[in-house]
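K.L.:
Structural data only, the sequence is not supplied:
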Ligand SMILES: [Mn+2]
């Protein structure tokens, strides 16, 4: 029995919700879109939902070009008996709002969160993109992805693996090569050149102004109110510096401090580091090379800076060890 059929076997309703992590990125949306097409091919009705805002230029362009239809949770009317399939994240994660409805299934590639139960779960920690797992469902079930779906999945894989340089597994490679000839490379090229809006540069300016590098750890602020996606972009950017092997980028937003972490050193697991550094303050998670975290209930920017200093101290302590 294929994974897709196992998933179908645990769904009771004709209509299901596919929920991505909050502030969905390209991999989350590609995965949701692919899963929607798969389930619809099997006679289900599917609505994609998420919480937060999508404000990244290339994500918005991806949705427009590839016709990805999704709804912010406040636009959805959910009932407790609604069945929810989580993609690219897990129940209980700080970036996965607990929506009304029953989280029956989870398809993900982040570190397994212990203690969460699903009727169906396919969580593969070693895979670089959730879109690769969804891609494999197409081929395993003999369902040919459309050009738009193939483009979305390929783009999701490219983005989450940083163009096949981060966390690439055999499955990512296999799906990359199978989807490649099916995808619209004009669209992919357009998306690659559509990453930032002019106002995003303000965050880069602040990061450059505040950046300090201590023993390979680059710490920077990006100013208040930056989106998760923008904080992550700046974090990726700082990692390209030759003197930086680990990044810690933060922004005061949504009543707390949001952190983005990158690591190019195997012995520094980004996810473990942020979880450890936020102990007693907040929560975090992710992958060995990219992770994020959040400290809630922070009243103002000055407190945010104070908290960031504490987290930075713990990071440097970890590096010293
Ligand atoms: Mn992902």
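P.N.:
Received it, and whenever you're ready, just let me know what you need. Keep in mind the model is a prediction, meaning the values are calculated, not measured.
K.L.:
all strands of the stretch 1-150 of the chain, in order?
P.N.:
With DSSP state E, counting those that start in this stretch applied, the stretch 1-150 of the chain shows strands at 15-19, 45-50, 71-72, 83-87, 102-108, 120-123, listed in chain order.
K.L.:
Which of those sits closest to residue 215?
P.N.:
strand 102-108 (32.9 Å; CB to CB). Where C-beta positions appear, they are placed from N, C-alpha and C, glycine not excepted.
K.L.:
Name the helix or strand for residue 236, please.
P.N.:
Following DSSP states H and E, one finds residue 236 within helix 228-239.
K.L.:
Repeat that for residue 187.
P.N.:
With elements delineated by DSSP H and E, residue 187 resides in helix 185-192, which encompasses its position.
K.L.:
Report the mean per-residue pLDDT for that helix.
P.N.:
Averaged over helix 185-192, pLDDT sits at 96.
K.L.:
and whichever residue of the chain sits closest to the ion, what does it touch?
P.N.:
As assessed by CB to the ion, the ion sits closest to residue 27 within the chain, at 3.6 Å. Remark: with contacts taken as CB atoms under 8 Å, 6 or more residues apart in numbering, residue 27 is in contact with 88, 129-131, 156-157, 159-160.
K.L.:
Could you tell me which residues of the stretch 151-300 of the chain lie near the ion?
P.N.:
residue 160 (CB under 5 Å from the ion).
K.L.:
try it again with 8 Å
P.N.:
Taking CB under 8 Å from the ion, the part of the stretch 151-300 of the chain that reaches the ion is made up of 156, 160.
K.L.:
now the helices: where do they sit in the stretch 201-321 of the chain?
P.N.:
Listed in chain order, the helices found in the stretch 201-321 of the chain under DSSP state H, counting those that start in this stretch are 201-210, 228-239, 270-277, 301-320.
K.L.:
Does anything pack onto the last one? Which helices or strands?
P.N.:
The reference is to helix 301-320. Helix 301-320 makes packing contacts with strand 217-221, strand 246-253, strand 256-263, helix 270-277, strand 290-295 when contacts are defined by 3 or more CB pairs under 8 Å, 6 or more residues apart in numbering; DSSP states H and E.
K.L.:
The shortest one pairs with which strands, and in what direction?
P.N.:
Sheet pairing of strand 217-221 (DSSP bridges) gives strand 212-214 (antiparallel), strand 246-253 (parallel).
K.L.:
tell me the angle the longest one makes with helix 270-277.
P.N.:
Going back to what we said before, that points to strand 246-253. Taking axes from the mean of the first three to the mean of the last three CA atoms, to 10 degrees, one finds that strand 246-253 is oriented at 60 degrees with respect to helix 270-277.
K.L.:
and the angle for strand 246-253 with strand 256-263?
P.N.:
Going by the same axes, to 10 degrees, strand 246-253 makes 160 degrees with strand 256-263.
K.L.:
buried stuff in strand 246-253?
P.N.:
Neighbour counts over strand 246-253 (16 or more other CB atoms under 10 Å) mark 246-253 as buried.
K.L.:
Looking at it now, give me its mean pLDDT.
P.N.:
Per-residue pLDDT values over strand 246-253 give a mean of 97.
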